[in-house]
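Peer 1: Here's my sequence, what's the structure:
(one chain, ligands or ions: 1)
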Amino acid sequence: MDSLLIKGGVPLHGDVHISGAKNAVLPLMAATLLTEEECIIHRVPDLSDVKFMGQILQSLGAEVKFDGGTVTIRAAKIKPHGDYELIRKMRGSICIMGPLLSRMRKATVSLPGGCVIGARPIDLHLKGFEALGTKVVINGGYIHATARKLRGNELFLGGRSGPTVLGTANVMMAASLADGVTIIESAACEPEVIDLANFLNAMGAKVVGAGSPTITITGVKALHGAEHEVIPDRIEAATFAIAAAATNGDVTIHGARADHMNAVLDKLREAGVKVERKGPALRVRRNGALKPVDITTLPYSGFPTDVQAQMMLLMCLIPGISIITERIFESRFMHVSELARLGADISIEGPSAIVKGGKPLSGAPVMASDLRASAALVLAGMTAKGTTEVNRIYHLDRGYEKIDSKLRKLGARIERVKES
Ligand code: EPZ
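Peer 2: Next up is the predicted model:
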């Protein structure tokens, strides 16, 4: 397994260009199953999760062709089940169920496992499918879903931690070819849900209200091919903004949608980070001493859980006490023990992490555990004295396109060490 060797202490300077959003492109690729016509998606990031999704679609019978940042997909003839091994490996693949049900009235997928950040149940996805007339049977680790006919319905999709992003995507896609009107209450409002709704409408669907807690889908007879450009990755952009602040640098972020990042930019400003608009770009740098802030992760447009680990790293550098409360996932503090190996002083009280910031970090070998925790460890390595080795960076490659070369261009002393 590859690792990253990082020498700390270099402020990042220069320009970085944000890639297309991983959490938008996965449902977008799944949505191409809804038509037998060709779909073209631009600004697709070069990520292992995206390649996985391509393989999953191919295992269902679709033709998938990547050409630089564009993927062309034609799902002319497809089967209702794909390569279970692949589907089991990537949780995001659950969003093929909605389109398969819509197109084939049938879907069999392996039950996605949990992961280090939580159990990751799919009860809300299944509740949505059943509300549309689907019969769901789970046995032997597989979900067998069948529907004689999908009928529109009104349904409440909120769970104990609020809305579900991929659950909303799945039900939107299942409803797009159903008979009648579907109203989803407590829908997720993330920009990635809006991006999917825009793509579905470009394919001829009738989706209204995406981005609000109530989405109305009027089923149509068939959908046609469409061309679409993925929205920029707000989590990647937030990660680079925090990297600029953490290393006391001065970075201009190009291609991001600042309006997708209000909660993060607001918190950075509250901490004393200077965030300025330079035309469509964002310039981020420190503006004197930073102040501790308290954060609670919430559904969009609240502070995103996917930026919690990176923000925790920044809090470690700021003298004083910061409290970070994780309200979306039940165990998303795997990075705490690894940050502690670098000298961070963090204690966990239930859903909250109490960060006593201000002690300088010093480099050490650390282990990546999930996508965003790995990003926090890379940022930590860039601020720690000496050298930090981040192992198992396949987690990082799932969600950050060429992050080491983007950081090197900003001056970071970071090199990828191929596993011998
Ligand atoms: C999406 O996951 C993202 N992944 C996650 O990003 C992100 O952290 C998450 O949304 C929350 O914003 C993709 O889009 C591929 P949820 P998703 O369903 O849709 C509970 C990253 O780092 N829940 O919105 O799977 C669930 O346990 C990844 O890029 C149920 O209870 O998340 C969690 O507590 C990590 N029942 C909460 O809802 C369900 O049926 C939010 O989960 C579904 C979810």
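Peer 1: per-domain residue ranges of the protein.
Peer 2: According to automatic domain parsing, the chain is divided into the following domains: 3-17+232-417, 26-229.
Peer 1: Tell me which of the ones you listed lies nearest to the ligand.
Peer 2: Proximity to the ligand, assessed across the domains of the chain by C-beta to the nearest ligand atom, is greatest for domain 26-229 (3.2 Å). (Each C-beta comes from the backbone N, C-alpha and C, glycine too.)
Peer 1: Just the endpoints, please. Distance across the closest one?
Peer 2: Start and end residues of domain 26-229 are separated by 13 Å (C-alpha to C-alpha, to the nearest Å).
Peer 1: The helix or strand hosting A244 - contacts with which helices or strands?
Peer 2: Under the criterion of DSSP states H and E, A244 resides in helix 234-246. Applying 3 or more C-beta pairs under 8 Å, 6 or more residues apart in numbering; DSSP states H and E, we find helix 234-246 packed against strand 250-254, helix 262-270, strand 273-278, strand 281-286, helix 308-316, helix 371-383.
Peer 1: Now the third one: average pLDDT?
Peer 2: Along strand 273-278, the predicted confidence averages to a pLDDT of 96.
Peer 1: The first one now?
Peer 2: Averaging pLDDT along strand 250-254 gives 98.
Peer 1: For that strand, list every residue counted as buried.
Peer 2: When burial is assessed from 16 or more other C-beta atoms under 10 Å, strand 250-254 yields the following buried residues: 250-253.
Peer 1: Could you tell me which residues of the stretch 251-400 of the chain lie near the ligand?
Peer 2: Residues of the stretch 251-400 of the chain lying near the ligand by C-beta under 6 Å from any ligand atom: 305-306, 328-329, 371-372, 399.
Peer 1: go with 8 Å
Peer 2: 299-300, 304-306, 328-330, 370-372, 399 (C-beta under 8 Å from any ligand atom).
Peer 1: Let me have these in JSON lines, extended by neighbour count.
Peer 2: Below are these laid out as JSON lines (neighbours: other C-beta atoms under 10 Å):
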{"residue": "P299", "neighbour count": "21"}
{"residue": "Y300", "neighbour count": "21"}
{"residue": "P304", "neighbour count": "22"}
{"residue": "T305", "neighbour count": "21"}
{"residue": "D306", "neighbour count": "25"}
{"residue": "I328", "neighbour count": "21"}
{"residue": "F329", "neighbour count": "20"}
{"residue": "E330", "neighbour count": "15"}
{"residue": "D370", "neighbour count": "22"}
{"residue": "L371", "neighbour count": "23"}
{"residue": "R372", "neighbour count": "27"}
{"residue": "G399", "neighbour count": "26"}
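Peer 1: so where's the stretch 51-200 of the chain shaky on pLDDT?
Peer 2: Within the stretch 51-200 of the chain, the stretches with pLDDT under 70 are 113-114.
Peer 1: and it, which residues reach the ligand?
Peer 2: 91-92, 94-95, 115, 117-127, 159-169, 188, 190, 192.
Peer 1: Which of these fall within strands?
Peer 2: Of these, none are assigned to strands by DSSP state E.
Peer 1: now, which of those lie within helices?
Peer 2: 123-127, 165-169, 192 (DSSP state H).
Peer 1: A76: how many residues sit nearby?
Peer 2: Residues lying near A76 (other C-beta atoms under 10 Å) number 11.
Peer 1: same question but for I242, I mixed them up
Peer 2: Neighbours of I242 (other C-beta under 10 Å): 26.
Peer 1: list the contacts for it?
Peer 2: 268, 307, 310-311, 313-314, 379 (C-beta atoms under 8 Å, 6 or more residues apart in numbering).
Peer 1: Would you format the helices and strands packed on helix 234-246 as TSV with distance to L101 included?
Peer 2: Shown next, in TSV, are those (distance: least, C-beta to C-beta, whole Å):
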stretch	distance to L101
strand 250-254	39
helix 262-270	34
strand 273-278	43
strand 281-286	40
helix 308-316	33
helix 371-383	28
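Peer 1: I41 touches H228, doesn't it?
Peer 2: Yes. The criterion here is C-beta atoms under 8 Å, and I41 meets it with H228 at 5.3 Å.
Peer 1: tell me, what's touching these two both at once?
Peer 2: Between them, I41 and H228 share the contacting residues 28, 199, judged by C-beta under 8 Å, 6+ apart.
Peer 1: coming back round to it: from the ones in helices among the residues of the stretch 51-200 of the chain next to the ligand, list the buried ones, please.
Peer 2: 124-127, 165-169, 192.
Peer 1: TSV please, covering those residues and showing distance to E415.
Peer 2: Output for these, formatted as TSV (distance: C-beta to C-beta, whole Å):
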residue	distance to E415
L124	43
H125	41
L126	45
K127	47
V165	35
L166	35
G167	40
T168	40
A169	37
E192	32
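Peer 1: dump the residue contacts of A412.
Peer 2: 6, 10, 12, 247, 382.
Peer 1: cutoff 7 Å now
Peer 2: Residues near A412 by C-beta atoms under 7 Å, 6 or more residues apart in numbering: 10, 12, 382.
Peer 1: ditto for G128
Peer 2: With C-beta under 7 Å, 6+ apart, G128 has these contacts: 155, 157, 167, 170-171, 174.
Peer 1: In space, what's closest to it - neighbours in sequence excluded?
Peer 2: What sits nearest to G128 in space, not counting adjacent residues and going by C-beta to C-beta, 6 or more residues apart in numbering, is V171, at 3.6 Å.
Peer 1: What about the nearest residue to M261 once chain neighbours are set aside, how many residues nearby?
Peer 2: If the residues on either side of it in the chain are set aside, M261 comes closest to R234, at 5.2 Å by C-beta to C-beta, 6+ apart. By other C-beta under 10 Å, 28 other residues sit near R234.
Peer 1: Wait, R234 touches N262, no?
Peer 2: No. Here R234 does not reach N262: they are 9.9 Å apart, not a contact under C-beta atoms under 7 Å.
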